[in-house]
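>>> task: produce atomic coordinates for the following.
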Amino acid sequence: MKKLIEGFNRFKSDVYAQHRELFQELASQQHPDTLFIGCSDSRLVPGLLLQTDPGDLFVCRNAGNIAPPHGEHAGGVSATIEYAVQVLGVQHVIVCGHSDCGAMKAAMHPEKVASLPAVAQWLRHTERAVAVVEAMHKDCDEHEKLNLLVEENVLSQLDNLRTHPSVAAKLRAGALQLHGWVFNIPRAELKIYDADQQRFVQVAETGVPTPETLTPPGEPVHA
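From the prediction side, this is the model:
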């Protein structure tokens, strides 16, 4: 706790002092252009990873970077998606997975979370991704399956996003774009899903992904 309090004091004296006007501007309004749905893992810090300023990202983090499909019980993730799209008018939604994801490890071995009923219930949202990996990559070793599941889960959650009425409407109008990302922690590498190639491609050192990684409105994210 001492480290956190000392960190806040440094923030107030150094960071806040240098960006006082920005914080004053954000005091009564926000206009983020991106909703970032990422894992709760402490190693994935969106603002640090993307070097954003306050007000740039609307962030939703949970175990496994999951976006439940529309129609199930109205939870916090669904409410966040609806608010970001309908009220804040974000133009981009990113679903970002990461290497060595504990949630994906548990999804592969549900028996390990048998004593954690809330976790087990939540990870049911990964069952489709697990089934795809098990069916298509039977001969892969455990480590490779994990990496493949991290990617497949991102695609599955993008599919789920399209079931939300607010998302579907904005996609059809061309006012919203969906992005699937995977961050490799030890290598500091970022992969982005390329719909044309139907695979994740490495972001160049310039930081500009090529070719375009977005799917046209109305077309499925993942076949």
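>>> ok, the nearest residue in space to residue 120 that is not next to it in sequence to residue 87 distance?
Spatial nearest neighbour of residue 120, chain neighbours left out: residue 113 (4.8 Å); criterion: CB to CB, 6 or more residues apart in numbering. C-beta here means a position set from N, CA and C on the backbone, and glycine is covered the same way. Distance, residue 113 to residue 87, using CB to CB, to the nearest Å: 34 Å.
>>> okay, these two: which has more neighbours?
Of the pair residue 113 and residue 87, residue 113 is the one with more neighbours under other CB atoms under 10 Å, namely 19 against 9.
>>> and the more buried one, how far from residue 121?
For residue 113, the distance to residue 121 (CB to CB) stands at 10 Å.
>>> same check on residue 157?
Residue 157 sits 17 Å away from residue 121 when distances are taken as CB to CB.
>>> quick one: which of those two has more around it?
Using other CB under 10 Å, the more surrounded residue of residue 157 and residue 121 is residue 157, with 28 against 10.
>>> what residues are up against the more buried one?
Neighbour list for residue 157: 37, 65, 66, 67, 95, 125 [criterion: CB atoms under 8 Å, 6 or more residues apart in numbering].
>>> list the residues that contact the residue nearest to residue 50 when sequence neighbours are not counted.
Among residues not flanking residue 50 along the chain, residue 57 sits closest, at 7.3 Å (CB to CB, 6+ apart). With CB under 8 Å, 6+ apart as the criterion, the residues that contact residue 57 are 32, 34, 35, 36, 46, 47, 50.
>>> now for those: which two are most distant?
Pairwise distances among the contacts of residue 57 were taken by CB to CB; the largest, 14.1 Å, belongs to 35 and 47.
>>> of the two, who's got more company?
A side-by-side neighbour count of residue 35 and residue 47, using other CB under 10 Å, places residue 35 first with 26 against 13.
>>> helix, strand or coil for the more buried one?
strand (DSSP: H, G, I helix; E, B strand; the rest coil).
>>> that one reaches residue 77, doesn't it?
No: at 10.7 Å, residue 35 and residue 77 do not qualify as touching, with contact defined as CB atoms under 8 Å.
>>> what sits in contact with each of the two?
Residues touching both residue 35 and residue 77 (CB under 8 Å, 6+ apart): residue 60.
>>> for the longest helix seen in the chain, buried residues please.
When the chain is parsed with DSSP state H, its longest helix is helix 142-161. Buried residues in helix 142-161, counting neighbours by 16 or more other CB atoms under 10 Å, are found at 145-161.
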